[in-house]
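Undergrad: Below: sequence and its predicted model.
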Amino acid sequence: MMSAQVPSRRDMLRLGAAGVMGWSLPQCLALAAAGKNNPKATAKNVLVVLEQGGLSHMDTWDPKPEAIAEHRSPHKPISTNVVGMRFTDLLTETSKVADKLAVVRSMWHQKPGASGHPDGTQYALSGSHPSSTIPMPDIGSVVSQILGTACPYLPPYIMVPGNHEQAAVTSTGFLPAGTKVFKTGGSNLADPKWKVGGLEPRPETPADRLAAREQLLSGMNAHFSQGSGSTAFGGMDRFYEQAFDTLTSPKVAKAFDYQGEPLSVRERYGIGHRGACYLVGRKLIEAGVRFVTVDTRWPLMPDLPGGFNLNWDHHDAIYSKGSCGTIRDKAGGEGRYGIGHWVMMGSTDRAFAALIADMDQRGLLAETLVCFVTEFGRTPKLNKFGGRDHWTGAYSIAFAGAGVRGGQIIGSSDKDGGHVTNDPYTPEAYAATIYEKLGIDRSKPLYMANNRPIFIGHDADPIPQVL
């Protein structure tokens with residue numbers, strides 16, 4: 001008869017944690033502590049604004065008043081608070097913070113394998129071409145693996161809300177599951193009933209049971225402290241302590257509490273879903289989360305008939321004053337409103353300008369790299385349905401904070417916005433820029449499970465003007 005096997009310390013830790021919220025958070029915290037901050041880094045945190053769907057660059061960051069009339073945007077160039085730096089009239093509020101922005105008008109990438117939304121979004125998230133034979137992780141997963149976070153009660157990589165059209169393409173790649181992005185969820189973050197899920201105690205695990213399980217873990221730790229597993233697992237203790245902190249700390253709820261912000265602040269960002277998303281992003285950076293991605297797709301509301309997919313995929317009726325249509329009978333742009341509508345660029349312009357000004361006033365911009373990105377641009381020519389299709393030949397992104405010299409335009413495209421004319425940069429250069437600003441040594445590899453070295457951010461040099 002075989003004797004019963006005594007559970008190891010590893011087993012007890014697994015059982016104890018599983019009763020709380022599984023391996024994910026402790027593992028995430030453990031992996032996050034693998035790296036240390038580089039004292040030479042100019043950025044401590046990163047906030048990425050991902051406006052998914054392919055934002056039209058010639059209608060926003062890169063006005064083209066000399067384009068031929070039949071393809072020219074009706075949105076005119078306007079002056080900003082920087083002499084000679086011009087956006088279109090869809091960025092009226094953002095023009096007031098242009099002195100904080102470095103706009104790259106010369107982004108491009110090869111079309112094959114990265115001209116659709118899933119692969120294009122994956123490219124923007126990872127900074128690695130989707131055709132790679134090795135599954136590559138999100139930039140945020142790499143950063144959380146190497147640098148961890150200064151916020152012990154929250155995951156190091158959070159996406160707000162994480163339900164954009166291509167949300168499924170977020171990936172840990174070859175990295176451990178503990179580096180996976182935490183998505184807050186929520187179709188309308190401005191809804192007073194919205195609460196972030198997954199970081200709150202389960203109803204079947206009230207505070208007294210959590211306390212009892214924490215005591216159990218402490219007791220097992222003491223019992224095994226002199227055992228053979230003490231060296232290997234002693235360092236895990238603090239990660240489980242942090243997991244309990246996440247479930248019990250009032251700071252967790254406060255970090256996501258949009259409604260707790262003064263009304264004047266919420267109005268500054270713009271009342272509604274997009275403003276709420278941007279504001280929660282700022283709150284998470286303020287809490288110390290290392291890498292935050294804000295993605296926004298306005299929810300279907302009773303006052304927005306036909307607005308069931310409000311991203312930037314304007315294949316038809318891009319300049320409509322209202323809905324672009326609801327029937328898939330044109331080029332696939334149904335479910336949107338025209339680019340100039342409030343739920344599109346109106347709310348984006350207001351929220352982004354408020355984010356930059358707010359972070360600057362709070363002192364957060366000095367050590368936070370803010371990136372405004374989209375997966376590609378739109379065609380310089382209008383199609384027969386009055387829309388613009390996917391275009392990778394030229395598009396724009398923007399940076400701010402963490403020592404970035406504002407008030408500058410980097411690179412250029414031709415008079416139609418179709419092709420880059422100087423200083424071309426790719427998503428690989430964008431990723432390398434983030435790593436460089438964070439002080440991550442790109443000459444040192446990460447390793448796959450089979451111990452194969454993988455170099456991150458070495459396929460392109462950083463964008464020098466941003467450094």
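TA: Received it, and whenever you're ready, just let me know what you need. Residues are numbered from 1 along each chain as shown.
Undergrad: give the contact list for the residue nearest to the spatial centre of the chain.
TA: Per Cα atoms, centre = their mean, the C-alpha nearest to the average position across the chain is that of Thr293, at 1.8 Å. Contacts for Thr293 (Cβ atoms under 8 Å, 6 or more residues apart in numbering) come out as 47-50, 125, 140, 157-160, 162, 181. In this view, the C-beta of every residue, glycine as well, is placed from N, C-alpha and C.
Undergrad: beta partners for it?
TA: Beta-bridge partners for Thr293, by DSSP bridges, are Val48, Met159.
Undergrad: Just the pLDDT at it, thanks.
TA: As predicted, Thr293 sits at a pLDDT of 98.
Undergrad: so how far is Tyr447 from it?
TA: 25 Å (Cβ to Cβ, to the nearest Å).
Undergrad: His57 now?
TA: His57 sits 38 Å away from Tyr447, going by Cβ to Cβ.
Undergrad: who's more crowded, the two?
TA: His57 (28 against 11; other Cβ atoms under 10 Å).
Undergrad: I'd guessed that one sits against Gly377; true?
TA: Yes. When contacts are counted by Cβ atoms under 8 Å, His57 is listed as touching Gly377 (4.3 Å).
Undergrad: now, among the contacts of Thr293, which is nearest to Val343?
TA: The shortest gap between Val343 and any of these belongs to Val49, at 16.1 Å (Cβ to Cβ).
Undergrad: give me the number of residues near that closest one?
TA: If you count neighbours by other Cβ under 10 Å, Val49 ends up with 23.
Undergrad: Phe399 now?
TA: Neighbour count of Phe399, defined by other Cβ under 10 Å: 27.
Undergrad: for Asp303, same thing?
TA: The number of residues packed near Asp303 is 6, by other Cβ under 10 Å.
Undergrad: Could you dump the contacts of Thr293 into a markdown table and include distance to Glu261 and pLDDT?
TA: Shown next, in a markdown table, are the contacts of Thr293 (distance: Cβ to Cβ, whole Å; pLDDT from 0 to 100):
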| residue | distance to Glu261 | pLDDT |
| --- | --- | --- |
| Leu47 | 17 | 98 |
| Val48 | 21 | 98 |
| Val49 | 18 | 98 |
| Leu50 | 22 | 98 |
| Leu125 | 28 | 98 |
| Gly140 | 24 | 98 |
| Tyr157 | 23 | 97 |
| Ile158 | 18 | 97 |
| Met159 | 20 | 97 |
| Val160 | 14 | 97 |
| Gly162 | 21 | 95 |
| Val181 | 24 | 97 |
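Undergrad: In ChimeraX, how would I select just the buried ones from those residues?
TA: Per 16 or more other Cβ atoms under 10 Å, the buried members of these correspond to this ChimeraX selection:
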select :47,48,49,50,125,140,157,158,159,160,162,181
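Undergrad: quick one, helices of the stretch 151-300 of the chain?
TA: If DSSP state H, counting those that start in this stretch is used as the criterion, the helices of the stretch 151-300 of the chain fall at 207-224, 230-233, 237-248, 250-256, 263-269, 273-287.
Undergrad: Enumerate every residue touching the spatially closest residue to Asn163 that is not a sequence neighbour.
TA: Spatial nearest neighbour of Asn163, chain neighbours left out: Gly185 (6.3 Å); criterion: Cβ to Cβ, 6 or more residues apart in numbering. For Gly185, the contacting residues are 161-163, 196-198, by Cβ under 8 Å, 6+ apart.
Undergrad: Show me just the buried residues among those residues.
TA: 161-163, 196.
Undergrad: Farthest-apart pair in these, please.
TA: Going by Cβ to Cβ, the pair spanning the buried ones among the contacts of Gly185 furthest: Asn163 and Val196, at 12.5 Å.
Undergrad: Return every residue with contacts to both of these two.
TA: Contact criterion Cβ under 8 Å, 6+ apart; residues shared by Asn163 and Val196: 185-186.
Undergrad: on that earlier part again, for Arg268, state which of the contacts of Gly185 is nearest.
TA: Pro161 (20.4 Å).
Undergrad: Please name the residues that touch that closest one.
TA: Per Cβ under 8 Å, 6+ apart, neighbours of Pro161: 183-187, 189, 277, 295.
Undergrad: ok, now Trp61?
TA: 87-88, 91, 103, 105, 396, 398.
Undergrad: Return the backbone torsion pair for it.
TA: phi -80, psi -20 (degrees, to the nearest 10).
Undergrad: do Phe372 as well
TA: Backbone torsions of Phe372, given as degrees, to the nearest 10, read phi -110, psi 110.
Undergrad: what about it, distance to His109?
TA: To His109, Phe372 is 17 Å away according to Cβ to Cβ.
Undergrad: One more: Gly386?
TA: For Gly386, the distance to His109 (Cβ to Cβ) stands at 26 Å.
Undergrad: higher neighbour count, the two?
TA: In this view Gly386 and His109 are compared by other Cβ under 10 Å, and His109 has more residues nearby, 24 against 18.
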